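Colleague: Have a look at this prediction, sequence included:
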Amino acid sequence: MITFEDVVKVYPGGATAVDHLSLELPTGKITVLVGPSGCGKTTSLRMINRMVDPTSGRILIDGRDVTQQDAAQLRRGIGYVIQHAGLFPHRTVLDNVATVPVLLGKTRREARTAALGLLERVGLTADFAKRYPAQLGGGQQQRVGVARALAADPPIMLMDEPFSAVDPVVRAQLHAEFLRLQQDLGKTIAMVTHDIDEAIKLGDHVAVLRTGGRLAQFATPRELLAAPADDFVASFVGRDRGLRSLSFDSAAELPVRPVDGIELDDAGRPVGLPGVFTKDDSLRVVTDLVISSPGGVAVRVGPDGAADGLVSHHDLADYLASRRS
Amino acid sequence: MIQYLTNNHEIVWQALQEHLYLALLPILFGFAISLPLGYLAVRFSWLYHPLINTFGVLYSIPSLALFVFLPVILGTKVLSPVNVVVALTVYTVALLARTVADGLRSVDPVVVQAATAMGYRRTRRLIDVELPIALPVVLAGLRVATVSNISLVSVGSLIGIGGLGQLFTRGFQLFYLEPILVGIILSVVLAAIADLIIVLVQRAVTPWTRAA
């Protein structure tokens, strides 16, 4: 667990970056710090690995004050991923990933063997090992950056806008892989982003900071969408938060009508529809299907792909209304 | 010219060796001095301009004046090769301290930051990360300094100190073209070979600059 205890950071010249921040980042979870520029989110992140030291207050990792620890030693136990990856241009992909294990005293050979496994883990083939960073695309560089941060298997990862320098398609891909990886690894992750959608998509918890370095709200994404603490959070979260909050609601309980008036193939699978949903999908998916399908109905399919129910505009509206009461 | 060479190969060979020694020794000294100076100019940014300007002024002192003037400061004999070595070391530092500083400043701050965040301490970061990345810029400066030194050594012959320049003074004194030609050609060839060696070393130690 990472604890911020009444942390203040005032830069020389008098600018307050972080203003009395108290926060707990739970072990094994992703906590996203989000806010507009100048809200102190990056400064807060960098105080965890002592890239910046607080003016007052304490930051504890599992109860130990970070400023009482040797900075370099501390940092070797904390993975760090930044925008544009910050890879070493003079080292091959493999040696980039092997960096921290070598710093920790492993032989180059050992570190390289482990690094090769990590490359695979982040979705890069062994062909990439001998290349230099300049020979990679943005998304590939970012994967190497993640592999490099994971190399010494640190319990904590700090990620500063890790996905914001890549195009939306690659970003969505990296998001999915990142969440899958985290499911396996269960790291304690602190991530900074200015993108509230990213925060809601990736975070187990989200800390919304406002300009001047004050905490506006600390909540789960679902709470954030359902009950923003004040106007600032509400406007930052955005106008369509009602619709977006449906992403967190399962369609499992949604009542369906018997299948009727839909063209099916021999196996009972619907034909010619823009999409279908299953019990595992969210209500947001269902809503989108109801709106976009020509007949105004969304079709549910079972595990075998055969249609097993229909949901109309009215059904969905009634269900959403019934949830409110 | 062949005739001259066969008759005087011992003199020419010795002049060549002296020339090489007088040009390259200052490169070694100069490089050793420039590394810490260039580093300090980057570490303490207020030092950068005073340092660069001071060496800019030193570099603008004519070499002959420096050769003549140095014995006064150093207390060496006027004909001592030490004067040439010291003078050329000064010129080398004037060129290289700046290149080392500029090379270090060319390293992407994001990369330095990433290195720090991964747990590099200052010295190891300098050796493992910053200097290797600065190397292309530093080696470009080293090429200039080396070629410049090889040509400057000849001036030393005006105050009677070795190198291929002695072939020039001899040729002028005797109204004899051959030694002058031999001196010029060998001096150019020497510079070209030294330059080539640095380029080859650079290619070997910075393969990453040719990636992408």
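Modeller: On my side now, so go ahead. Residues are numbered from 1 along each chain as shown, chains lettered A, B, ... in the order given.
Colleague: Would you mind naming what in chain B lies close to chain A?
Modeller: B:108, B:110-111, B:113-121, B:124, B:129, B:132-133, B:135, B:206-208, B:211-212 (CB under 8 Å from any CB of the partner chain). Placement of C-beta: from N, CA and C, glycine included.
Colleague: B:Ser148 touches B:Ala94, doesn't it?
Modeller: No: using CB atoms under 8 Å, B:Ser148 makes no contact with B:Ala94, being 9.9 Å away.
Colleague: In PyMOL, select just the buried ones from the residues of chain B next to chain A.
Modeller: Burial among these is assessed by 16 or more other CB atoms under 10 Å in any protein chain shown; the matching PyMOL selection reads:
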select buried, chain B and resi 111+113+114+115+116+117+118+119+120+129+132+133+135+206+208
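Colleague: What about the residues of chain B next to chain A, which are in helices?
Modeller: B:Val110, B:Val111, B:Gln113, B:Ala114, B:Ala115, B:Thr116, B:Ala117, B:Arg124, B:Pro132, B:Ile133, B:Leu135 (DSSP state H).
Colleague: neighbour-wise, which of B:Ser148 and B:Ala94 wins?
Modeller: B:Ala94 (22 against 19; other CB atoms under 10 Å in any protein chain shown).
Colleague: ok, back up a step: Throw the ones in helices among the residues of chain B next to chain A into a markdown table and include pLDDT, thanks.
Modeller: Shown next, in a markdown table, are these (pLDDT from 0 to 100):
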| residue | pLDDT |
| --- | --- |
| B:Val110 | 93 |
| B:Val111 | 95 |
| B:Gln113 | 94 |
| B:Ala114 | 95 |
| B:Ala115 | 96 |
| B:Thr116 | 96 |
| B:Ala117 | 96 |
| B:Arg124 | 95 |
| B:Pro132 | 96 |
| B:Ile133 | 96 |
| B:Leu135 | 94 |
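Colleague: Name the nearest of these relative to A:Lys130.
Modeller: B:Pro132 (17.4 Å; CB to CB).
Colleague: Without its sequence neighbours, what residue ends up closest to that closest one?
Modeller: A:His90 (4.7 Å; CB to CB, 6 or more residues apart in numbering or on different chains).
Colleague: Over to the one you found. Which of the three states is it?
Modeller: coil (DSSP: H, G, I helix; E, B strand; the rest coil).
Colleague: Can you tell me the closest non-neighbouring residue to residue 88?
Modeller: You didn't say which chain, so I picked chain A. A:Asn96 (5.5 Å).
Colleague: actually chain B
Modeller: Using CB to CB, 6+ apart and skipping residues adjacent in sequence, the residue nearest B:Leu88 is B:Pro26, 3.6 Å away.
Colleague: can you give me the helices in chain B?
Modeller: Using DSSP H, helices in chain B cover B:2-43, B:48-60, B:63-74, B:81-105, B:109-117, B:122-125, B:131-152, B:165-174, B:177-205.
Colleague: same thing with chain A?
Modeller: Using DSSP H, helices in chain A cover A:41-48, A:71-76, A:93-97, A:99-103, A:108-121, A:138-150, A:168-185, A:196-202, A:221-226, A:231-237, A:241-245, A:283-292, A:313-324.
Colleague: mean pLDDT for these: which is lowest?
Modeller: Confidence, taken as mean pLDDT, is least for helix A:241-245 of those (a mean of 80).
Colleague: May I see the buried residues of that helix?
Modeller: Neighbour count says helix A:241-245 has A:Arg241, A:Arg244, A:Ser245 buried, by 16+ other CB under 10 Å.
Colleague: List, one by one, the residues from chain A near chain B.
Modeller: A:49, A:51, A:72-76, A:80, A:82, A:84-91, A:99-100, A:103, A:131-132, A:134-135, A:148, A:158.
Colleague: For ChimeraX, write a command that selects the buried ones of those residues.
Modeller: In ChimeraX syntax, the buried subset of the residues of chain A next to chain B is picked out as below (16+ other CB under 10 Å):
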select /A:49,51,72,74,75,76,80,82,84,85,86,87,88,89,90,91,99,100,103,131,132,148,158
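Colleague: for chain B, what are the low-confidence residue spans?
Modeller: Across chain B, the ranges flagged by pLDDT under 70 are B:212.
Colleague: Find the residue at the geometric middle of chain A.
Modeller: In chain A, the residue lying closest to the centroid (CA atoms, centre = their mean) is A:Leu202, at 2.6 Å.
Colleague: if I pick it, what's in contact with it?
Modeller: A:Ile30, A:Val32, A:His175, A:Phe178, A:Leu179, A:Met191 (CB atoms under 8 Å, 6 or more residues apart in numbering or on different chains).
Colleague: switch to 6 Å and redo it
Modeller: Residues in contact with A:Leu202 (CB atoms under 6 Å, 6 or more residues apart in numbering or on different chains) are A:Ile30.
Colleague: May I have stretch A:164-178 exported as PDB, CA atoms only?
Modeller: Only the C-alpha atoms of stretch A:164-178 are listed here, as PDB (Å, rounded to 0.1, in the frame of the first residue of the first chain):
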ATOM      1  CA  SER A 164      -1.000   9.000 -24.500                       C
ATOM      2  CA  ALA A 165       1.700   9.200 -27.200                       C
ATOM      3  CA  VAL A 166       0.200   6.400 -29.400                       C
ATOM      4  CA  ASP A 167      -2.700   6.500 -31.800                       C
ATOM      5  CA  PRO A 168      -6.200   5.500 -30.600                       C
ATOM      6  CA  VAL A 169      -6.200   2.000 -32.200                       C
ATOM      7  CA  VAL A 170      -2.900   1.100 -30.700                       C
ATOM      8  CA  ARG A 171      -3.900   2.600 -27.400                       C
ATOM      9  CA  ALA A 172      -7.100   0.500 -27.200                       C
ATOM     10  CA  GLN A 173      -4.900  -2.600 -27.900                       C
ATOM     11  CA  LEU A 174      -2.400  -1.600 -25.200                       C
ATOM     12  CA  HIS A 175      -5.200  -0.900 -22.700                       C
ATOM     13  CA  ALA A 176      -6.600  -4.400 -23.200                       C
ATOM     14  CA  GLU A 177      -3.200  -6.100 -22.900                       C
ATOM     15  CA  PHE A 178      -2.300  -4.000 -19.900                       C
END
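Colleague: Give the buried residues for it.
Modeller: In stretch A:164-178, counting by 16+ other CB under 10 Å, buried: A:Ala165, A:Val166, A:Val170, A:Arg171, A:Gln173, A:Leu174, A:Phe178.
Colleague: which one among these gets closest to B:Gln202?
Modeller: Looking across the buried residues of stretch A:164-178 and measuring by CB to CB, the closest to B:Gln202 is A:Ala165, at 30.7 Å.
Colleague: So the closest one is in contact with A:Ala85, correct?
Modeller: No: between A:Ala165 and A:Ala85 there is no contact under CB atoms under 6 Å: 8.1 Å.
Colleague: Identify the contacts common to these two.
Modeller: Counting by CB under 6 Å, 6+ apart, nothing touches both A:Ala165 and A:Ala85.
Colleague: can you give me phi and psi for A:Asp167?
Modeller: phi -70, psi 160 (degrees, to the nearest 10).
Colleague: roughly how far apart are it and chain B?
Modeller: Distance of A:Asp167 to chain B, given as CB to the nearest CB, to the nearest Å: 19 Å.
Colleague: Now do the same for that residue: its pLDDT.
Modeller: At A:Asp167, pLDDT is 87.
Colleague: still on that earlier bit, the ones in helices among the residues of chain B next to chain A: which two are farthest apart?
Modeller: Among those, B:Ala117 and B:Leu135 lie farthest apart (CB to CB), at 22.9 Å.
Colleague: what's the burial count for the spatially closest residue to A:Val311 that is not a sequence neighbour?
Modeller: Excluding the flanking residues, the one nearest A:Val311 by CB to CB, 6+ apart is A:Ala298, at 4.6 Å. Other residues near A:Ala298 come to 30 when the count uses other CB under 10 Å.
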